[in-house]
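Student: Give me a 3D structure for the following:
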Amino acid sequence: MGNSVGLLDHFRRILSARKTQGAALAVLIIMVILLPLVADNYIEEVATNTLFYIVLALGLNIVVGYAGLVDLGYAAFFAVGAYTTGILMKFGLNFWLTIPVAVLFSVIAGIIIGGPTLRLRSDYLAIVTLGFGEITRITARNLKITGGASGLVGIQRPSIFGHILNQITDFYYLFFVLVVLAVIVAIRLHNSRLGRAWQYIREDEDAAEAMGIDPVKLKLYAYMLGAAFGGVAGAFFAVKMTAISPETFAFTQSAMILLAVILGGMGKIPGAIMGAAFLVLFPEVFRGIGQMRMLFFGVLLVIIMVFRPQGLWPARKG
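Tutor: Purely as a prediction, here's the structure:
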């Protein structure tokens, strides 16, 4: 009898916690939706950049968090998507039609880097992905079709039902919808058989292979899906900025996105969101103190990694 009462109390606490979390999430979503009504252009711009990095962090979280791989060149997929959209729009193709092409080219890039190298592990894989990111950037800087070192300029803004998206508010809501879709896809992947197989590979690749899981094939799927997220984000980035250059996709971008995933908590969707938001918002909040803000930012990152190495919102074990 006592065990039954204790079990009921346990379920009540779970339901209460879920109701609290649901209410907090609803309030947060309402605040995000209403933000442009009370914010100026600067705050909207920062918020839009935050949403953009959240999409990238969710994509890299599939590779690093779900499958347990290392990727130091994620900006390469982001670059492929951006350049594909920019070039196709220069040839007169509608923006919305460039998105599937950008995703396709990004996925192909994921296959090119993942296919021959995913049998590698740890440091070796990290070096290969770092090299791939740099190769992509240098190639873009030297090709005529990508605009060379100057990049592509004059990319047209897209339109929806005749309305041209040329205001920061338009892109804020556009990236908000993109984040919602990315979260839905990430949740479905995490809860799928594929997502569970990735978790087995992440925890013990040899044991997963002994259970009949093909680690190389499934890790390649992770790279392909992560690349697809990067390609979509790159396509929208190109039309938001109307100009892209090779230096936009330097190693620091890859490091920034990877840091967001690690800082937030690898394998956890709220963690990727929190990590990306922290990395974008902290330097902006303390912009008034000049370059000293980066010193404080670095010190805070070290403190977080020392006292909470599992991240701000880590995945639960078991």
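
Student: Quick one: find the helix or strand in this protein with the lowest mean pLDDT.
Tutor: Confidence across the helices and strands of the chain bottoms out at helix 2-38, with a mean of 64, counting by mean pLDDT, DSSP states H and E.

Student: If you count contacts, what does the helix or strand just after that helix end up packed against?
Tutor: From helix 2-38 onward toward the C-terminus, using DSSP states H and E, the following helix or strand is helix 41-61. The helices and strands touching helix 41-61, judged by 3 or more Cβ pairs under 8 Å, 6 or more residues apart in numbering; DSSP states H and E, are helix 2-38, helix 168-190, helix 215-241, helix 251-264, helix 269-285. Quick note: C-beta positions are derived from backbone N, CA and C, even for glycine.

Student: out of those helices, deepest packed?
Tutor: Each of the helices and strands packed on helix 41-61 was assessed for mean neighbour count using mean count of other Cβ atoms under 10 Å. The highest is helix 215-241, with a mean of 24.

Student: Now the element after it, going C-ward?
Tutor: Where DSSP H and E defines the elements, the next helix or strand beyond helix 215-241 is strand 243-244.

Student: which residues sit against that next one?
Tutor: Residues outside strand 243-244 that contact it (Cβ atoms under 8 Å, 6 or more residues apart in numbering): 82, 83, 86, 151, 152, 153, 154, 155, 237, 238.

Student: State the number of residues packed around the second one.
Tutor: Looking back up the chat, that one is residue 83. Applying other Cβ atoms under 10 Å, we find 27 residues neighbouring residue 83.

Student: and it, how far is that from residue 240?
Tutor: 15 Å (Cβ to Cβ, to the nearest Å).

Student: circling back: ok, of the contacts of strand 243-244, which one's closest to residue 273?
Tutor: For residue 273, the closest of these turns out to be residue 237, at 18.3 Å, with distances computed as Cβ to Cβ.

Student: where does the closest one sit relative to residue 86, distance-wise?
Tutor: Residue 237 is 10 Å from residue 86, by Cβ to Cβ.

Student: what's the answer for residue 146, then?
Tutor: Relative to residue 86, and taking Cβ to Cβ, residue 146 is found at 8 Å.

Student: where do the contact lists of the two overlap?
Tutor: Taking Cβ under 8 Å, 6+ apart as the contact criterion, the residues that touch both residue 146 and residue 86 are residue 152.

Student: More neighbours: those two, which one.
Tutor: Between residue 146 and residue 86, counting by other Cβ under 10 Å, residue 86 is the more crowded of the two (29 against 21).

Student: in what helix or strand does the more buried one lie?
Tutor: Here residue 86 is assigned to helix 75-90, by DSSP H and E.

Student: tell me the mean pLDDT over that helix?
Tutor: Along helix 75-90, the predicted confidence averages to a pLDDT of 93.

Student: do the same with stretch 229-243
Tutor: Mean pLDDT, stretch 229-243: 93.

Student: Repeat that for stretch 124-139.
Tutor: Taken as a whole, stretch 124-139 carries a mean pLDDT of 86.

Student: Quick check: phi and psi at residue 312.
Tutor: The phi/psi pair for residue 312 (degrees, to the nearest 10) reads phi -70, psi -30.

Student: and the gap between the residue lying closest to it once chain neighbours are set aside and residue 31?
Tutor: By the measure of Cβ to Cβ, 6 or more residues apart in numbering, the closest residue to residue 312 outside its immediate chain neighbours is residue 274, 4.9 Å from it. Using Cβ to Cβ, we find residue 274 at a distance of 15 Å from residue 31.

Student: same check, this time on residue 141
Tutor: Residue 141 sits 41 Å away from residue 31, going by Cβ to Cβ.

Student: Quick check: buried residues in the stretch of helix or strand residue 199 belongs to?
Tutor: The secondary structure element spanning residue 199 is helix 193-203 (assigned by DSSP H and E). For helix 193-203, the buried set under the neighbour-count rule, 16 or more other Cβ atoms under 10 Å, comprises 194, 195, 197, 198, 199, 200, 201, 202.
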